[in-house]
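Peer 1: Whatever this is, show me its structure:
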Amino acid sequence: MDFLNFLIDSQRNIDWQQPYGPEFLYVVLSHEVCDLDSCASTLAIAYYHHRNRGPTGHIFMPVLNMLRRDYPTKSEVRFVFSKHGIEPETHLVFRDDVPEVVMLRARFILVNHHVSPFHYNVEKVYDYRPLQLEAARLPIYCQRIMHPTVSCAALIAERYTNANLNFSGVRCPIVFEMLHSAILLQNCNFVQSEEQAQSLRDYQMLSVLEQNLDPKMEEQRDSLYNSLVYAVFNMNHLTLPQVLRRQFKLLRATNGLRLIRVGQCCFPMAVSRFISYENANVAIQQFANEHGCDYLLILGTSIRYGGGLGVKEMGLIPVDGLRDVETRRLFDHIIINLNAAHNPLLCMEAHRDLDFMQGAFYFLNTWKITFYDILQLMQRILYDWLSEDVRG
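Peer 2: Residues are numbered from 1 along each chain as shown. Prediction:
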């Protein structure tokens, strides 16, 4: 079965029932961020396992760990998938497509993450992050393919290009091109010197993919990378609520006495531009109401005129305003601790020209900061606040 027909066939498995036999359903589950690296890797490794399953008859179903309605927000994923004829209606399965009863019966392969509510039934993990042993709670028998790369796509490419692992010898140009794009974008087109880049596993796998596809692709890297970056920052087709949902995480912290809920949203657009839109406050209020947020932390990245490194901005918004002393105290606590943080160091500079929903807005004068760096920092800040609450 070729790759596109495999994806079409996967949609037929969403109502899978356990047969009277040894066959199992393996849900190959992406990271919830569903960026190009995660989505391309998930589809690629599901197909790899399908072609290398031998006589077992097991079913491998790739599932993108987001709601179907949010697929349009992943502009770079849509760009790459559409280029290869992959459309959501006919080729993709999303988290909300699969009934809960099927998820509870399935076995799991986790892609680009290893902490999951389905940890009890995980048989394999592909991830480049350091193992979070206590949080992951993976079964003893779980096979962990976890190596220090920059992209998960590089790990998956290794499985395809190693004859000892890919015993069926499957080669698929669409899969290789998707992995190639994901590695290139995740590594920012290898901004290091060529000598430094050549020592990286990601760079080595990129070169191997190019040799399998077309050696001339090396000369086209800049052009491909620029088209991918343009796709990332092309928000023209999205509504403001969709921009907020492009990448978000809900933080909940409690000490048994009090519950704090913070939504963290990240998008490829300047925060100052987002809040300048006429209905930005309505979009924020709708998002907060839908997810029960007390505060919204928004992170935006925009490209400087003339290119170069992007501009990062951050805003903390109290959804219902600073309505009482307790709300103000927590708001100040978050701002003070974000400013004081050393790991990561945010280098915050106040954005003094912005007045919006009683929020506080900042430039982040650092480039090497990620969504998850700030997420982990926010978790520590909230738990510190609740601990002080208990001691007080």
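Peer 1: Could you identify the helix or strand that succeeds the worst-scoring helix or strand of the chain on mean pLDDT?
Peer 2: Using mean pLDDT, DSSP states H and E, the weakest-scoring helix or strand in the chain turns out to be helix 194-197, at a mean of 76. Using DSSP states H and E, the helix or strand that follows helix 194-197 in sequence is helix 201-213.
Peer 1: which other residues reach whichever helix or strand comes after that following helix?
Peer 2: For helix 201-213, the succeeding helix or strand toward the C-terminus, using DSSP H and E, is helix 221-233. Applying CB atoms under 8 Å, 6 or more residues apart in numbering, the external contacts of helix 221-233 come out as 36, 75-76, 78-80, 181, 184-185, 189, 217, 268-269, 302-303. In this view, the C-beta of every residue, glycine as well, is placed from N, C-alpha and C.
Peer 1: Next, residue 267: phi, psi?
Peer 2: phi -150, psi 150 (degrees, to the nearest 10).
Peer 1: To clarify, my last question referred to residue 324.
Peer 2: Torsion angles, degrees, to the nearest 10, at residue 324: phi -150, psi 180.
Peer 1: count of residues packed around it?
Peer 2: Residues lying near residue 324 (other CB atoms under 10 Å) number 9.
Peer 1: what pLDDT does it get?
Peer 2: On the pLDDT scale, residue 324 is placed at 89.
Peer 1: quick one: it and residue 294, what's the gap?
Peer 2: 12 Å (CB to CB, to the nearest Å).
Peer 1: among the contacts of helix 221-233, which are in strands?
Peer 2: Counting by DSSP state E, the contacts of helix 221-233 place 302-303 in strands.
Peer 1: which of the contacts of helix 221-233 sit farthest apart?
Peer 2: 217 and 269 (30.3 Å; CB to CB).
Peer 1: hey, where'd the strands end up in the stretch 251-392 of the chain?
Peer 2: 259-267, 295-303, 310-318, 348-350, 360-364 (DSSP state E, counting those that start in this stretch).
Peer 1: now the ones you listed in a markdown table, with distance to residue 10 and mean neighbour count?
Peer 2: Output for the strands of the stretch 251-392 of the chain, formatted as a markdown table (distance: least, CB to CB, whole Å; neighbours: other CB atoms under 10 Å):
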| stretch | distance to residue 10 | mean neighbour count |
| --- | --- | --- |
| strand 259-267 | 29 | 21 |
| strand 295-303 | 33 | 21 |
| strand 310-318 | 36 | 21 |
| strand 348-350 | 45 | 14 |
| strand 360-364 | 40 | 20 |
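Peer 1: Poorly predicted segments of the chain, please.
Peer 2: 20-21, 193, 305-309, 389-392 (pLDDT under 70).
Peer 1: Kindly report the domain assignment for it.
Peer 2: 3-230, 240-391 (automatic domain parsing).
Peer 1: so how far is the shortest one off the chain centroid?
Peer 2: Taking the mean C-alpha point of domain 240-391 and that of its whole chain, the gap between them comes to 18 Å (CA atoms, centre = their mean, to the nearest Å).
Peer 1: nearest residue to residue 345 other than its sequence neighbours?
Peer 2: residue 366 (6.6 Å; CB to CB, 6 or more residues apart in numbering).
Peer 1: Tell me, how many residues neighbour the one you found?
Peer 2: 13.
Peer 1: now the one 3 residues further on
Peer 2: Applying other CB under 10 Å, we find 19 other residues in the vicinity of residue 369.
Peer 1: just residue 187 next, same as before
Peer 2: 22.
Peer 1: Please report the distance of it from residue 109.
Peer 2: Note on residue 187: its distance to residue 109, by CB to CB, is 24 Å.
Peer 1: Mind jotting down where the helices sit in the stretch 251-392 of the chain?
Peer 2: Per DSSP state H, counting those that start in this stretch, the stretch 251-392 of the chain carries helices over the ranges 271-274, 280-291, 325-340, 371-391.
Peer 1: Tell me which of those helices sits most buried.
Peer 2: Across the helices of the stretch 251-392 of the chain, averaging neighbours per residue (mean count of other CB atoms under 10 Å) puts helix 271-274 on top, at a mean of 20.
Peer 1: what's in contact with that helix?
Peer 2: Contacts of helix 271-274 (CB under 8 Å, 6+ apart): 240, 243, 267, 280, 298-300, 302, 313-315, 351, 353-354, 361.
Peer 1: How about stretch 111-125?
Peer 2: 26-33, 37-38, 41-42, 45, 103, 106-110, 126-129, 131-132, 135-139, 141-146, 152, 156.
Peer 1: now do the same end-to-end measure for it.
Peer 2: 6 Å (CA to CA, to the nearest Å).
Peer 1: got the buried residues for that stretch?
Peer 2: Neighbour-count burial for stretch 111-125, counted by 16 or more other CB atoms under 10 Å, picks out 111-116, 119, 121-122, 124-125.
Peer 1: Which ones among those lie within strands?
Peer 2: Those of the buried residues of stretch 111-125 lying in strands (DSSP E): 111, 122, 124-125.
Peer 1: closest one to residue 69 among the strands of the stretch 251-392 of the chain?
Peer 2: Closest among the strands of the stretch 251-392 of the chain, using CB to CB: strand 259-267, at 16.0 Å.
Peer 1: now that closest one and strand 310-318, what's the angle there?
Peer 2: 150 degrees (axes from the mean of the first three to the mean of the last three CA atoms, to 10 degrees).
Peer 1: Neighbouring strands of strand 259-267 in the sheet, and parallel or not?
Peer 2: strand 248-254 (antiparallel), strand 295-303 (parallel) (DSSP bridges).
Peer 1: residues in contact with residue 14?
Peer 2: 61, 93, 97-99, 102.
Peer 1: picking up where we left off before, in the buried residues of stretch 111-125, find the pair that's most separated.
Peer 2: The farthest-apart pair in the buried residues of stretch 111-125, when distances are taken by CB to CB, is 112 and 121, at 18.1 Å.
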